[in-house]
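In: only the shape, not the letters, is given here:
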């Protein structure tokens, strides 16, 4: 049997994931809204045989948002354009279940799966910015657990709609004048708490059965949703032990829910910085950290702490023991608080660390050292692969692709060529069986 | 001054506009859901220097829908992919104001305008199928005039959002660490009857200021909306006199509303069928008409009559004088009834005629004869150009592009090369000025 292979995705984000990325001399200043640059990055990712590129999203901005959130492309528009300049790599777009309609989302992902010939993935988010509500004629954002309840029903409706047409329903027999078989067209007839959707969907069954479902919840409610629904999980652990605990928890929960744990790929985020030596890699990162302005770093930390007001704290002391409650993303807030406590960081150190890596794990070193660190997590049941968060594009990304990927390939941990044409093939995920709904014809 | 130029768009629709198009030997059987075929058609359209290609939409289907409505690509996904394989041609997507959120729509069109480098257009529709409501957790479809009231407010919100960032707001000064100028970021703060949207939009101002706004209303309410809002109007007149009356009405209404009538381009739909002679062209069409099955033609006519139940009528007689009211598209219904009365058609003749041309004008002949008929309407204030409804792709389209376009070019009626890079340039429309909203910074 073939050796277990790593799954690698890249969080593709214009100038880069680091808050000061756009200021780096190697990146175009308008990288977050530069389609030619995105096309170039997509081709680099495909040159590295990555499983997928992933586009994040947000539905509002403030004056203090990360530059990537000020102006950006809508993710589905972007991956559709990228589908035309790539051949094999998976294309994952983030879409919120809180501010969209299931029918529209089912359609768009069915379309992009057809347009890309089986390469689409949906990163399911529930949106965590309070401000998002005000852009959608809502006076408040649903609270955390209700957002997940909405998301569960939303995904249920979308899956029903993807099962409107059986795989062989559209026979298109020119001679007989029969476009489709009536007994293979189904209707969702969904009547739920949040949604009432009749169907059928006006798109044939996606090439992959379903586009790949991806999730990143790490709160207890988010993890339960992910274990039930997700085929890929993005996560943000900092240490091997935390990552192993998360990995075990998800796989066991999935097993209890009757799922095959091998059909959930857990990909912690990691920011790899490659140098000839570890020192050279760290120096590259320091150069970037020095480009963060204080006010922006602080605003960023406040957001990552779920909207906590930091203006009354002494920046050169640690966070106090008691921290007021907020309505933002709770699981991420807890990860940041845990990090601060563990490393005994002052608020100033914390904002630099967080604004830099944005809560994800940084690794430094030569190509072999980077590969070692990835391999350790992969071999010790902490990860099925990784989601790469590149601090600035394109040079840090090209160094990873051209120097680290070959090491992983030599070690037999990563493919040398794509073996299939669909995102599911790259990830080793099965194609979902058709699940019959009510027939349209009585 | 340069001679007035025709604007030409093409209603790009997979296998073709004709209900039996998919059965024609020259077209791929899966043309409505075949991305490679769409890419090929887009390149043919660009070879002909057309102003734009246009993708229609619908949000539900029945067992009796036109084959193009059974399974189809979501229009924005499609034009985004087509933007990557074309350079100059405008890309127009249909999006409903009844089943979307203004923030999402403003974003998507801003994104596609950036991704396509200034080639986006929005065909604004209010959706007319009753069934659409049931796919969006609604128990009924808003009635006709209310849909237009919603649409007007929707477009107002979208325009405000497109004016979130002044054109030079994003300075991205790497040295100074200043990403944008705070006094050039505006917020919509829209509080209306149907929508409350705060903004700002997380996309910089579209390259064209606004993507081009397109409309096709022909009811009195629809025409008022179009005269107020649209920069291009798709219409469906059958005779020179009707077209002239519509043209005059729109241009005069626009003038009364303070608009420059030259900034509204009126493009009647036309299906050109080219042959070496008119007889040869008519024979090509008859071949296609003979592929329409009766049950499908009849279902189609019922839909075009606003959902009228035809099962109690004698198909070999004309429509009765009194026809029951329906809740579907009223303006199209009236156009069809007028056609039937004028030409004294039986229901059977009417369904063949309507299912074939779908209510639009057919013209037949040699390349010169086709050009004559277009020129007549263009010169006699019935049209500023045309929206081409190609019965089946690709051959009827290639014949138009390669045989009729050169005649129009020789006559000085149509460009030989694109002169600008944006859809607005092709259409001769001005770029809208920035309209300041409230500042985000106080």
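Out: Now that the structure is in, tell me what you want to look at. Please read all numbers here as calculations on a predicted model, not as lab measurements.

In: from now on I want contacts and neighbour counts done on CA atoms only, so please keep to that.
Out: Fine.

In: okay, now residue A:156: neighbour count?
Out: The tally of other residues near residue A:156 (other CA atoms under 10 Å in any protein chain shown) stands at 15.

In: how about residue A:343?
Out: Other residues within reach of residue A:343 by the criterion other CA under 10 Å amount to 10.

In: mind checking how far it is from residue B:4?
Out: Noted for residue A:343: a distance of 72 Å to residue B:4, by CA to CA, to the nearest Å.

In: and the helices in the stretch 301-442 of chain A, which stretches?
Out: Along the stretch 301-442 of chain A, counting by DSSP state H, counting those that start in this stretch, helices occupy A:330-343, A:347-357, A:367-379, A:395-399, A:405-410, A:423-427.

In: now the last one, how far from the centre of its chain.
Out: Translated: helix A:423-427. Distance, stretch centre to chain centre, for helix A:423-427: 15 Å (CA atoms, centre = their mean, to the nearest Å).

In: and what of the first one?
Out: Here the centre of helix A:330-343 is set off from its chain's centre by 20 Å, with CA atoms, centre = their mean.

In: and it with helix A:347-357, angle?
Out: Between helix A:330-343 and helix A:347-357, the angle comes out at 120 degrees (axes from the mean of the first three to the mean of the last three CA atoms, to 10 degrees).

In: ok, and what's touching helix A:330-343?
Out: Helix A:330-343 is contacted from outside by A:217-219, A:237, A:304-306, A:318-319, A:346, A:350, A:354, A:359, using CA atoms under 8 Å, 6 or more residues apart in numbering or on different chains.

In: ok, now with 6 Å
Out: Contacts to helix A:330-343, defined as CA atoms under 6 Å, 6 or more residues apart in numbering or on different chains, come from residues A:218, A:219, A:304, A:305, A:306.

In: kindly report the same for stretch A:397-406.
Out: Outside of stretch A:397-406, the residues within contact range by CA under 6 Å, 6+ apart are A:48, A:367.

In: please spell out which residues along it are buried.
Out: Within stretch A:397-406, the residues that qualify as buried by neighbour count (16 or more other CA atoms under 10 Å in any protein chain shown) are A:397, A:398, A:399, A:400, A:401, A:403, A:404, A:405, A:406.

In: return the closest of these with respect to chain B.
Out: Chain B lies nearest to residue A:397 out of the buried residues of stretch A:397-406, by CA to the nearest CA, at 20.6 Å.

In: how far away is the closest one from residue A:72?
Out: Distance check for residue A:397 against residue A:72: by CA to CA, it reads 20 Å.

In: quick one: list the elements packing against the longest strand seen in chain A.
Out: Longest among the strand segments of chain A by residue count, using DSSP state E, is strand A:265-274. For strand A:265-274, the contact count by 3 or more CA pairs under 6 Å, 6 or more residues apart in numbering or on different chains; DSSP states H and E identifies strand A:232-235, strand A:361-365, strand A:385-388 as packing neighbours.

In: what's the angle from the helix or strand that it is followed by to strand A:361-365?
Out: Past strand A:265-274, further along toward the C-terminus, the next helix or strand under DSSP states H and E is helix A:278-289. With the same axes, to 10 degrees defining the directions, helix A:278-289 sits at 130 degrees from strand A:361-365.

In: which positions in helix A:278-289 come out as buried?
Out: A:278, A:280, A:281, A:282, A:284, A:285, A:288, A:289.

In: can you tell me how far the closest residue in space to residue A:4 that isn't next to it in sequence sits from residue A:376?
Out: The shortest distance from residue A:4 to any residue that is not its chain neighbour, by CA to CA, 6 or more residues apart in numbering or on different chains, is 7.0 Å, and that residue is residue A:413. Distance of residue A:413 to residue A:376, computed by CA to CA: 11 Å.

In: in its sheet, what does the longest strand of chain A sit against?
Out: The strands that strand A:265-274 pairs with in its sheet are strand A:232-235 (parallel), strand A:361-365 (parallel), strand A:385-388 (parallel) (by DSSP bridges).

In: now do the helix or strand where residue A:82 lies: which elements does it pack against?
Out: Secondary structure from DSSP H and E places residue A:82 in helix A:75-83. For helix A:75-83, the contact count by 3+ CA pairs under 6 Å, 6+ apart identifies strand A:90-96, helix B:75-83 as packing neighbours.

In: below-threshold pLDDT in chain A: ranges please.
Out: Residues of chain A meeting the criterion pLDDT under 70: A:1-2, A:357-359, A:441-442.

In: surely residue A:223 touches residue A:215?
Out: No: using CA atoms under 6 Å, residue A:223 and residue A:215 do not qualify as a contacting pair, with a distance of 8.9 Å.

In: quick check: residues of the stretch 1-150 of chain A near chain B?
Out: A:23, A:35, A:70-74, A:77, A:80-81, A:84, A:108, A:111, A:115, A:134-137 (CA under 6 Å from any CA of the partner chain).

In: what sits against residue A:159?
Out: By CA under 6 Å, 6+ apart, the contact set of residue A:159 is empty.

In: please report how far it lies from residue A:376.
Out: For residue A:159, the distance to residue A:376 under the criterion CA to CA works out to 36 Å.

In: kindly report the same for residue A:239.
Out: The gap separating residue A:239 from residue A:376 is 11 Å, by CA to CA.

In: ok, the nearest residue to residue A:380 once chain neighbours are set aside - how many residues close by?
Out: Nearest residue to residue A:380, sequence neighbours excluded (CA to CA, 6+ apart): residue A:244, at 7.6 Å. For residue A:244, the neighbour count with other CA under 10 Å is 17.

In: same question for residue A:429.
Out: Residue A:429 has 18 neighbouring residues, counting by other CA under 10 Å.
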